[in-house]
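> Pasting a predicted model and its sequence here:
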Amino acid sequence: MFSFDKLLRATALAVTAMACITPPVTAQTAQDRILTDIRYLADDARQGRGTGTAGLDSAAAYIADQFRQAGLQPAGSDGFFQPFTIDPTAPAVAHSGLGGSAVKNVIGLIPGNGSLAGQVVVLGAHYDHLGMGGANSLDPDSAGVVHNGADDNASGTVALMEAARILSQRSAPEMRTMILVAFTAEEIGLIGSDHYVKNPTRANDSTYAMLNFDMVGRLREDKLITGGTGSAPELPQLLDSVNTGYGLALSPMEDPWGSSDHASFYAAGIPVIHFMTDTHEDYHRTTDDWDKINVEGVERIAMYAADLAWSFATRTSPLTYVDVPQPVRATTGGSGAWLGTIPDMSSSPGGVRLTGVREGGPASEAGIQGGDIIVQIGEYEVKDLYAMTDALRNYKPGDVVTVAVMRNDERVEVSVTLGKRGG
């Protein structure tokens, strides 16, 4: 059975022996701090941290203050903040009334040293939730009732802040820069992480890896899901080696896409790891409250993730990015005609911009690329994702259609043989 006291003693001895790391705070102090953070973020006063609410803004201010107290450098476009306005044309916010909302990511930085300083390790977590319910709530008749989202994702945000405190006390002559980002507007379509990837603090091609915390507050039987292990072949061994002494029952999942902010980074060619303690009966319900959080579990995960991030920051060998095709998600309706594209959910620039195409899919085989903007499918004009969906419903698998895209301000037309969804 895992002994937390033994782990702390072993960690303290190991860390004291390393001149580059200062002695850690006691477990009780860390757990008190984590509980204080959880209770603040998941308090009714935060209004469920809904997009566009004052509660979400106060949560952002709290996170920025914790980054500042931990000694991180501000790395946003406005101090610790990266403010932006949600594009009203974004497919992710269609019919939600949230288009045009002013939101912000919160970004802190730990500078690197030596020849590795120009490379970056990103740690992230989304801090928004469902607000007062709505379409994404799984509670019937819950509209107008606060959804505090203690696990989803106050827990991940708190783990991110605790990792920041741990990592800010470490230094090495050769280490990568570490950037910690609390993302906004994840619940409505990965809006915050998409904005960061398009406007990164450091260039995406210098980003070594991204670690994401989303729902890490319900550790049970020591099980920690580690998604994204298929994004680089070195990851499984690194995860296992860092776990020595922690006693976590790692449950690796190769899929690097998932439905959280790490997917935005993976689509940009960056290896990823997604930490999660699994869903539960309170997921997206009004009952996801702070008193159900496993505080000791959040601390263990934060410590483990910080050590993994430290190994990424200091190892000299590269990670080998693996291009894993995006799984075909189950859908209903329509004829099943399939193009094999990955739409950009953050804007509709006169068509459907693509973040990528599925390898081996119809679009890829026809030469359509990430960054292209689909403006026409066959005889149907495509102004947004809904128009694109309607266009595909008018065709069947095996039909050959002309697809027009805008590429570098030029219209390009290609012939595409539509495939069958799921096969």
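Alright, I've got the coordinates.
> which ones are touching the nearest residue to residue 201 once chain neighbours are set aside?
Sequence neighbours aside, residue 75 is the residue nearest to residue 201 in space, at 4.7 Å (criterion: C-beta to C-beta, 6 or more residues apart in numbering). Just so you know, the C-beta spots here come from the backbone N, C-alpha and C atoms, and that holds for glycine as well. Taking C-beta atoms under 8 Å, 6 or more residues apart in numbering, we find residue 75 in contact with 107, 108, 109, 179, 201.
> Grab the longest helix from the protein for me.
With residue count as the measure and DSSP state H as the assignment, the chain has helix 295-314 as its longest helix.
> so what does whatever helix or strand comes next after that one touch, helix or strand wise?
Once the chain leaves helix 295-314, the next helix or strand it forms, by DSSP states H and E, is strand 337-338. Taking 3 or more C-beta pairs under 8 Å, 6 or more residues apart in numbering; DSSP states H and E as the contact definition, the neighbouring helices and strands of strand 337-338 are helix 385-393, strand 419-420.
> average pLDDT for the last one?
If I follow you right, that is strand 419-420. The pLDDT scores in strand 419-420 average 87.
> go on, stretch 393-410?
Throughout stretch 393-410, pLDDT has a mean value of 95.
> my read: residue 271 touches residue 229, true?
No: the pair residue 271 / residue 229 is not scored as a contact, 9.6 Å apart, by C-beta atoms under 8 Å.
> so where's this protein uncertain?
Per-residue confidence for the chain (pLDDT under 70) gives these ranges: 1-28, 327-336, 345-346, 421-423.
> Domain map for it?
4-314, 337-420 (automatic domain parsing).
> and among these, the most buried is which?
When you average the neighbours per residue for each of the domains of the chain (mean count of other C-beta atoms under 10 Å), domain 4-314 leads with a mean of 20.
> about what we covered before: tell me, what's touching residue 271 and residue 229 both at once?
235, 256.
> how about residue 405, secondary structure?
Taking DSSP: H, G, I helix; E, B strand; the rest coil as the rule, one finds residue 405 in the strand state.
> excluding its backbone neighbours, what's nearest it?
Leaving aside its chain neighbours, residue 405 sits nearest to residue 372 (4.0 Å; criterion: C-beta to C-beta, 6+ apart).
> same thing with residue 390?
Nearest non-adjacent residue to residue 390, counting by C-beta to C-beta, 6+ apart: residue 380, 7.2 Å away.
> give me every residue that touches the residue nearest to residue 405.
Going by C-beta under 8 Å, 6+ apart, the list of residues near residue 372 reads 353, 354, 405, 406, 407, 412.
> Same list, these, but as CSV with distance to residue 83 please.
Below are those laid out as CSV (distance: C-beta to C-beta, whole Å):
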residue, distance to residue 83
353, 22
354, 26
405, 31
406, 28
407, 30
412, 35
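> Verify the stated contact: residue 176 with residue 315.
No: taking contacts as C-beta under 8 Å, residue 176 lies outside contact range of residue 315: 9.1 Å.
> Compare the domains of the chain and report which one is nearest to residue 322.
domain 4-314 (5.8 Å; C-beta to C-beta).
> how much space between the residue lying farthest from the centre of the chain and residue 394?
For the chain, the largest distance from the centre (C-alpha atoms, centre = their mean) belongs to residue 379, which lies 37.1 Å off. In this structure, residue 379 and residue 394 are 9 Å apart, going by C-beta to C-beta, to the nearest Å.
> For residue 159, which residues are in contact?
The contact partners of residue 159, taken as C-beta under 8 Å, 6+ apart, are 125, 213, 216, 275, 298, 301, 302, 305.
> list the helices and strands the longest helix of the chain packs on?
Packed against helix 295-314 by the contact rule (3+ C-beta pairs under 8 Å, 6+ apart) you find helix 4-16, helix 27-41, strand 120-126, helix 156-167, strand 207-213, helix 235-243, strand 272-276.
> what about the ones you listed, which gets the closest to residue 288?
Among the helices and strands packed on helix 295-314, the nearest to residue 288 by C-beta to C-beta is helix 27-41 (11.3 Å).
> At the geometric centre of the chain, which residue sits there?
Within the chain, and using C-alpha atoms, centre = their mean, the residue nearest to the centre is residue 261, at 1.8 Å.
> Cool, thanks, signing off.
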